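Engineer: I would like the atomic coordinates for the input below:
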Amino acid sequence: MTVLYGIANCDTIRKAKRWLESHGVDYRFHDFRKDGLSRETLERWVDELGAETLLNKRGLTWRKLPDERKQPLDRDHVIELLLEMPAMIKRPVLDLGEQRIVGFSPDRYQTLFQS
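Structural biologist: Purely as a prediction, here's the structure:
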């Protein structure tokens, strides 16, 4: 089953949910804040997608972070930051089983879910 990971009050998550529902895609929503996220899941995502892909540097959580906490941006440090502050994960993360997609684009979703 497709799993949509994110935070319930995120506008991009709302858009992705509406798209999936309007196109009849069966999915489960996993809220980082309510449901948590395991270290193992984050390690797999970082290894597959890269730390830079998952780390949302445009968000308020990152911008409020003191400069000394932003370095180094290596794998292990990014995983620790994301475990501590999951709001810094770029959203949504769409888990299709065999691959993960970060971010929402109607065109990309259309390509992924073509019948």
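
Engineer: And the strands in the chain?
Structural biologist: Secondary structure of the chain by DSSP state E: the strands cover 2-6, 27-31, 93-95, 100-102.

Engineer: winner for burial among these?
Structural biologist: strand 93-95 (a mean of 22; mean count of other Cβ atoms under 10 Å). For every residue, glycine as well, the C-beta is placed using N, CA and C.

Engineer: Mind checking which residue lies nearest the centre of this protein?
Structural biologist: Val93 (3.4 Å; Cα atoms, centre = their mean).

Engineer: can you pull the contacts of the nearest residue to that one once chain neighbours are set aside?
Structural biologist: Distances taken as Cβ to Cβ, 6 or more residues apart in numbering put Tyr5 closest to Val93, at 4.1 Å, once the chain neighbours are dropped. Going by Cβ atoms under 8 Å, 6 or more residues apart in numbering, Tyr5 touches His30, Phe32, Leu37, Ile89, Arg91, Pro92, Val93, Leu94, Asp95.

Engineer: Point out the least confident one among those.
Structural biologist: Ranked by pLDDT, the contacts of Tyr5 bottom out at Phe32, which scores 92.

Engineer: residues contacting it?
Structural biologist: Phe32 sits in contact with Tyr5, Gly6, Ile7, Pro86, Ala87, Ile89, where contact means Cβ under 8 Å, 6+ apart.

Engineer: what's the distance between the residue nearest to Val93 and His30?
Structural biologist: Distance from Tyr5 to His30, counting by Cβ to Cβ, to the nearest Å: 5 Å.
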